[in-house]
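Peer 1: my questions are about this predicted structure, shown below with the sequence.
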Amino acid sequence: MKRLRIALMMAALLGAGAQGADSDEQLVRRLTTNMMCTCGCPHQIIHCGDECGLAPQLVADIRARLAGGATEQDVYLAYEAEYGQSIYAAPKAEGFNLIAWILPFIALAFGGLFVWGAVRKLRTEGVPDSEDGEPAAAPPIDDRYRKMLEKELAE
């Protein structure tokens, strides 16, 4: 019975250690996905190839910071202090950066309203309807234009 308890405790400890390693690796993956590589390429750290030379160093530095007890927020703040806001793959949704998140949707809404209004106006400027809802008859053609038309059609 004592051996069974010891075996269960060992299994629980090994499982907790493996889960901690998994969560650290997931945290590294999330951090490297949310931050841009500093080599000058337009890639996130996770997608910057080994030919870069800088991306593996950044990943190793992130792992070392996490192993040293830093939290995810601490890593973000340290890199932001060193490289500025350009380290983020997407701008923070705060302050002036909020315009970058909201303005495209506002422009799309105004553009949609403009197109809707223009189409609606063009449809109503067509042939006017009579009172019973049927399209009104076309206005009569002037006599001199009618004679010109008949002459052209006769030739």
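Peer 2: Here it is on my side, so go on. Numbering: from 1, shown residues only.
Peer 1: so which residues of the chain form helices?
Peer 2: Along the chain, counting by DSSP state H, helices occupy 2-34, 55-67, 72-83, 97-124, 143-154.
Peer 1: to Cys48, which of those lies closest?
Peer 2: With Cβ to Cβ as the criterion, Cys48 lies closest to helix 55-67 of the helices of the chain, at 3.8 Å. Yep, even glycine has a C-beta here, placed from its N, CA and C like the rest.
Peer 1: nearest to Ala89, out of the helices of the chain?
Peer 2: Among the helices of the chain, if distance is taken as Cβ to Cβ, the winner is helix 2-34, at 5.4 Å.
Peer 1: could you pull up the mean pLDDT of the closest one?
Peer 2: For helix 2-34, mean pLDDT rounds to 65.
Peer 1: follow-up on the earlier one: most tightly surrounded among the helices of the chain?
Peer 2: Greatest average neighbour count among these goes to helix 55-67 (a mean of 16), per mean count of other Cβ atoms under 10 Å.
Peer 1: tell me the angle of that one relative to helix 72-83?
Peer 2: Between helix 55-67 and helix 72-83, the angle comes out at 130 degrees (axes from the mean of the first three to the mean of the last three Cα atoms, to 10 degrees).
Peer 1: and helix 55-67, how far out from the chain's middle?
Peer 2: Centre-to-centre, helix 55-67 and its host chain are 27 Å apart (Cα atoms, centre = their mean, to the nearest Å).
Peer 1: same for it, what does it pack against?
Peer 2: helix 2-34, helix 72-83 (3 or more Cβ pairs under 8 Å, 6 or more residues apart in numbering; DSSP states H and E).
Peer 1: export the last one as PDB, just CAs?
Peer 2: Taking only C-alpha atoms (Å, rounded to 0.1, in the frame of the first residue of the first chain), the coordinates of helix 72-83 have been written out as PDB:
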ATOM      1  CA  GLU A  72       4.400  37.000 -19.800                       C
ATOM      2  CA  GLN A  73       3.700  40.700 -19.100                       C
ATOM      3  CA  ASP A  74       7.300  41.200 -17.800                       C
ATOM      4  CA  VAL A  75       8.700  39.900 -21.100                       C
ATOM      5  CA  TYR A  76       6.400  42.200 -23.100                       C
ATOM      6  CA  LEU A  77       7.400  45.200 -21.000                       C
ATOM      7  CA  ALA A  78      11.100  44.400 -21.200                       C
ATOM      8  CA  TYR A  79      11.000  44.100 -25.000                       C
ATOM      9  CA  GLU A  80       8.800  47.200 -25.300                       C
ATOM     10  CA  ALA A  81      11.300  49.100 -23.200                       C
ATOM     11  CA  GLU A  82      14.200  47.900 -25.500                       C
ATOM     12  CA  TYR A  83      12.500  48.100 -29.000                       C
END
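Peer 1: right, I'll call it a day here.
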